[in-house]
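1. Got a sequence here, can you model it:
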Amino acid sequence: MRRVILAIVTTAAGLVLLLSFKSHTQSAAPGTSAADFGSPTPGTGATGANATPAASQGTANGGATATAAPAPGKSGAAGGAKTVTGAAWPTIYGPVQVQITLKGGKITAVSVLEYPENTPRDMQINSFAIPELNQETLAAGNGHIDAVSGATYTSQGYIGSLQNALDKAGLS
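-> Residues are numbered from 1 along each chain as shown. Here you go, the predicted structure:
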């Protein structure tokens, strides 16, 4: 009877210890940059609840240059094209903000102004997710795109900000 009780207590203690184990996040080695991880050029450097967009963000995808609009919303451009910036859509890892250029009711360019980049893992995920989401958006020409597997939160933030920009432009 003692052995059974000892086995149960030992098993329960081991299970509690196993379930309470938390792995540590990797930190970047000194002197490494976002480019070392193959990620898009970092946007703001600060993401989360107290983040504010920076004035210029650099290149966030494989060719579309990301620049912040003078004010969220619409801005006219030559040739009937207009640029619209979606709201910074919150995710648990930080906000995602998308800017689109529309011509004839179709999306002709898309860039990401803000995205999570606090950890090397954020940079790794976003280095493949953001270009994929941009490509899907341009191919669809509208907001009907699929999430990227392995980047669910970034995809949800991207799609939310994209839909917000489309709503601001009068397209749904």
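2. Pull out the buried positions in the longest strand belonging to the chain.
-> Counting residues, the longest strand found in the chain (DSSP state E) is strand 106-114. When neighbours are counted by 16 or more other Cβ atoms under 10 Å, the buried residues of strand 106-114 are found to be 107, 109, 110, 111, 112, 113, 114. (C-beta placed from N, C-alpha, C; glycine too.)
3. List the neighbouring strands of that strand plus their orientation.
-> strand 97-103 (antiparallel) (DSSP bridges).
4. What are the boundaries of the helices in the chain?
-> 2-19, 120-140, 152-168 (DSSP state H).
5. Next, the angle strand 106-114 makes with the last one.
-> Translated: helix 152-168. Orientation of helix 152-168 against strand 106-114 (axes from the mean of the first three to the mean of the last three Cα atoms, to 10 degrees) gives an angle of 130 degrees.
6. pLDDT averaged over helix 152-168, what's the number?
-> Averaged across helix 152-168, pLDDT comes to 94.
7. Over to stretch 118-135?
-> Rounded mean pLDDT across stretch 118-135 is 94.
8. Could you dump the buried residues of strand 106-114 into CSV and include pLDDT and distance to residue 164?
-> Putting the buried residues of strand 106-114 into CSV (pLDDT from 0 to 100; distance: Cβ to Cβ, whole Å) gives the following:
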residue, pLDDT, distance to residue 164
107, 90, 14
109, 93, 17
110, 95, 13
111, 95, 15
112, 95, 13
113, 95, 13
114, 95, 13
